[in-house]
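Novice: Below: sequence and its predicted model.
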Amino acid sequence: MKEGQRKRGAGMRVYRVVMLLVLFCLASAAGWAEDRYKLKEGARGKLCLNCHVTFQDKMKAPFVHTPLRRGECSGCHNPHTSSRGKLLDKNADAICFGCHPSVIGKKSVSIHKVVAEGKCVQCHDPHSSQQKYNLLASGSSLCFNCHKSMGETVSQVKHRHYPVEKDCLTCHTPHASAGNKSLLKDAVPGLCAKCHKTDRPVFVKQHMNYPVGKSACTSCHAPHGSNQPGILHDTVHKPVANRMCNQCHEEASSPNALKTKKAGLDLCKACHTPMIKDVFDKKLLHWPVSGKKACQSCHTPHASGNKGLLRQSQSALCGSCHAETVGQTTKAKTPHSPVKEGACTACHSPHASDNSMLFVQPDIPGLCGSCHDWKKHSTHPIGEKYRDPRDKNLSVDCLSCHHGHGSEHKRLLLLGTVTEVCVQCHDKYRR
């Protein structure tokens, strides 16, 4: 008993010492700005407000930033001169993080972009606000100032997720998340289960008696909103839409209910036999099709926010493997329109093809001609019977002069000027 009392007594002494140190630091910081500029005693806030009279109204707001409330304007501003706007004493991020160092944890998995960039004032008013935490607006409306496409989507869908309408911070942290991607407060499905109790009979019935309580909810549901009932993703796999989970999975009563009846391509063959047969009849096969995951390398088995049940947008999905090609194209001064728009399948077949590079047409002039009427702007002979003098194994086609994905030059040229391109083959005109 005495040992426990001694430990508690020691703990209280440590606590008191820490609190005294904190109070000392705060008092030092409060007097530092005054001493730094040798201001008259008590002149800090009053002196500034003699000129900045509009701040009298700001100080009447329900939430006033602590330095302003204490009259410590010189805690953030230099009263004489500065190389920064608003006479800021330091860069804005350095000022904010000087008092709020714990906003970003040392081991954060995801960090809000504006926080990482030190743009605190995109969400907070540095002086005062009608909103708690000096926020510029309340609830989701603040988030939608930057996340405009999300705001537009949520406003247009038939079925909205209630937390999104109320406040994004129901699910997300505003600054950084210590253990989760996308600034989530908790991992899915734990986050979802805080509101959607998985042991309730209605939940079990809605999920066809399958034990999905520990599954990834977002594999079927759109976390923000959807045009589908139950906020399923807009594109729903037919068996899911028809509530026929047992078409792919074991029966709900099975001890391995979530296990699929077959693996990989064999599972998809049951419904997509004609398409799969056509794919394997081609000369060239896109390697993910024959990989261990097969169709699921690119497609989700349940529902998706993208057409064709794609796991991501085309550009992001293709870029997950072809990162260098997609990366270079997005940085190019002149990107090819289909690539810029993320329409890789405008030129390439996603599954298989009889043509090189999985092209959707057998020859380059025919492929390019599906969008570009090149006969109207070019008299240069192209086609199989015209050989490239630089490499007799190649015919002269559009790609002899133009880049197929993107270029640093106008008109997707391989080099800076038409002349430079021409003299690569026509040496006698080289100067």
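Specialist: All right, it came through fine.
Novice: which residues of the stretch 151-300 of the chain score low on pLDDT?
Specialist: The model of the stretch 151-300 of the chain has no residue with pLDDT under 70.
Novice: mind listing the helices in it by residue range?
Specialist: Listed in chain order, the helices of the stretch 151-300 of the chain (DSSP state H, counting those that start in this stretch) span 162-166, 190-193, 201-206, 238-241, 264-280, 287-290.
Novice: Export these as TSV, with columns for distance to Thr300.
Specialist: C-beta here means a position set from N, CA and C on the backbone, and glycine is covered the same way. Listed next are the helices of the stretch 151-300 of the chain as TSV, based on distance: least, C-beta to C-beta, whole Å:
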stretch	distance to Thr300
helix 162-166	21
helix 190-193	18
helix 201-206	20
helix 238-241	10
helix 264-280	12
helix 287-290	14
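Novice: Ok, which of these comes nearest Thr54?
Specialist: Thr54 sits nearest to helix 162-166 of all the helices of the stretch 151-300 of the chain, at 33.2 Å, using C-beta to C-beta.
Novice: Next, the buried residues of the closest one.
Specialist: Pro163, Val164 (16 or more other C-beta atoms under 10 Å).
Novice: chain center to it, what's the gap?
Specialist: With C-alpha atoms, centre = their mean, to the nearest Å as the basis, helix 162-166 stands 20 Å off its chain's centre.
Novice: Between the helices of the stretch 151-300 of the chain, which one is closest to Gly369.
Specialist: Short answer: helix 264-280, nearest of these by C-beta to C-beta, at 24.7 Å.
Novice: Can you give me the buried ones in that closest one?
Specialist: Within helix 264-280, the residues scored as buried using 16+ other C-beta under 10 Å are Gly264, Leu265, Leu267, Cys268, Ile276, Val279.
Novice: for the most centrally placed residue in the chain, what are its contacts?
Specialist: A centroid search over the chain (C-alpha atoms, centre = their mean) returns Ser182, at 7.6 Å, as the residue closest to the centre. For Ser182, the contact set (C-beta atoms under 8 Å, 6 or more residues apart in numbering) comprises Ser110, His172.
Novice: Kindly report the same for the one 10 residues further on.
Specialist: Contact criterion C-beta under 8 Å, 6+ apart gives Cys217 as the residues in contact with Cys192.
Novice: Please verify my assumption that Ser407 contacts Thr329.
Specialist: No. Counting by C-beta atoms under 8 Å, Ser407 does not reach Thr329; the two are 9.3 Å apart.
Novice: Serialize the buried residues of helix 264-280 to JSON lines and add fields for distance to Lys166.
Specialist: Listed next are the buried residues of helix 264-280 as JSON lines, based on distance: C-beta to C-beta, whole Å:
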{"residue": "Gly264", "distance to Lys166": "42"}
{"residue": "Leu265", "distance to Lys166": "44"}
{"residue": "Leu267", "distance to Lys166": "40"}
{"residue": "Cys268", "distance to Lys166": "40"}
{"residue": "Ile276", "distance to Lys166": "45"}
{"residue": "Val279", "distance to Lys166": "46"}
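Novice: Of these, which pair is most distant in space?
Specialist: So, these by C-beta to C-beta: farthest apart are Leu267 and Val279, at 15.3 Å.
Novice: Looking at the helices of the stretch 151-300 of the chain, spot the one closest to Asn393.
Specialist: Taking these one by one with C-beta to C-beta, helix 287-290 is closest: 24.7 Å.
Novice: Name the residues that touch the closest one?
Specialist: For helix 287-290, using C-beta under 8 Å, 6+ apart, the contacting residues are Leu265, Val279, Ala294, Cys295, Ser297, Cys298, Cys321, His351, Ala352.
Novice: Contacts only, for the second one.
Specialist: Read that as Val279. Val279 neighbours (C-beta under 8 Å, 6+ apart): Leu285, Val289, His351, Ala352.
Novice: Separate out the buried members of the residues you listed.
Specialist: The neighbour count (16+ other C-beta under 10 Å) marks Val289, His351, Ala352 as buried among those.
Novice: For the last one, which phi and psi angles does the backbone take?
Specialist: Its backbone dihedrals place Ala352 at phi -170, psi 160, with angles given as degrees, to the nearest 10.
Novice: backbone phi and psi for the residue lying closest to it once chain neighbours are set aside, please?
Specialist: Nearest residue to Ala352, sequence neighbours excluded (C-beta to C-beta, 6 or more residues apart in numbering): Lys282, at 3.6 Å. As for Lys282, its main-chain torsions (degrees, to the nearest 10) stand at phi -80, psi 160.
Novice: For Lys282, give me its contacts.
Specialist: Taking C-beta under 8 Å, 6+ apart as the test, what Lys282 contacts is His351, Ala352, Ser353, Asp354.
Novice: Minimum distance to Phe359: which of the helices of the stretch 151-300 of the chain has it?
Specialist: helix 264-280 (15.5 Å).
Novice: so how far is the closest one off the chain centroid?
Specialist: Going by C-alpha atoms, centre = their mean, the spacing between the C-alpha centre of helix 264-280 and its chain's C-alpha centre is 33 Å.
Novice: can you give me the strands for this structure?
Specialist: Secondary structure of the chain (DSSP state E): strands located at 63-64, 110-111, 128-129, 159-160, 176-177, 225-226, 235-236, 284-285, 303-304, 334-335, 352-353, 383-388, 391-396, 406-407.
Novice: Give the partner strands of the second one in its sheet and their orientations.
Specialist: If I follow you right, that is strand 110-111. Sheet pairing of strand 110-111 (DSSP bridges) gives strand 176-177 (antiparallel).
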